[in-house]
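Participant: build me a structure from this.
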Amino acid sequence: MRRRQFVQLAATSLLGACASMLVTPVTPEGAIVRLVLRDYPDLLRPGGALKIRPVGKDQLYYVLALEDGGFAAVSPICKHQGCIVDIARDRMECPCHGSMYTRAGAVLRGPTQAPLDRFAVAVSGDGVLTINLGQLL
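Facilitator: Reported below is the predicted structural model:
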């Protein structure tokens, strides 16, 4: 293993371990995750965010409150070399090589050329956010 690969692997593992301390476990129904928004106050304000991990899965997802009042659910895995992106108020940043994404997952700055994986979301009239982890946008 080359030094660069080792450093990347170690950094990704460390970030993943740290992130896991702040992750909310959720119980999916198949590929569907439902969040009652009143139970997650951070999502009720623009700029809010929630890190979720479906029970029994290794994959982490970010649920983000957008400035326009909508929501985005994205995979935090940078498309450049697989590092976990960090959430900032108005964007997401890759700590490994500086790629930047909008909170909706679109590329702001490379080296990445591809957006983050984004999943279908919908909000019901009674305040339930439904995320379909089986439907990429």
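
Participant: so what's V33 up against?
Facilitator: Applying Cβ atoms under 8 Å, 6 or more residues apart in numbering, one finds that V33 lies in contact with V26, I52, P54, Y61, T130, I131, L133. No exception for glycine: its C-beta is placed from N, CA and C like everyone else's.

Participant: one more pass at 10 Å, please.
Facilitator: For V33, the set of contacting residues under the criterion of Cβ atoms under 10 Å, 6 or more residues apart in numbering consists of 26-27, 52, 54, 61, 63, 73, 119, 121, 129-133.

Participant: so where's this protein shaky on pLDDT?
Facilitator: Within the chain, the segments meeting pLDDT under 70 span 1-21.

Participant: returning to that earlier point: and the contacts of V33, which of them are buried?
Facilitator: A residue is treated as buried here by neighbour count (16 or more other Cβ atoms under 10 Å); on that basis the buried members of the contacts of V33 are 26, 52, 54, 61, 63, 73, 119, 121, 129-133.

Participant: pick the one among the residues you listed closest to V85.
Facilitator: Within the buried ones among the contacts of V33, the smallest distance to V85 is 11.9 Å, found for Y61 (Cβ to Cβ).

Participant: and the residue nearest the centre of the protein?
Facilitator: For the chain, the residue whose C-alpha lies nearest the mean C-alpha position (Cα atoms, centre = their mean) is Y62; its distance is 2.4 Å.
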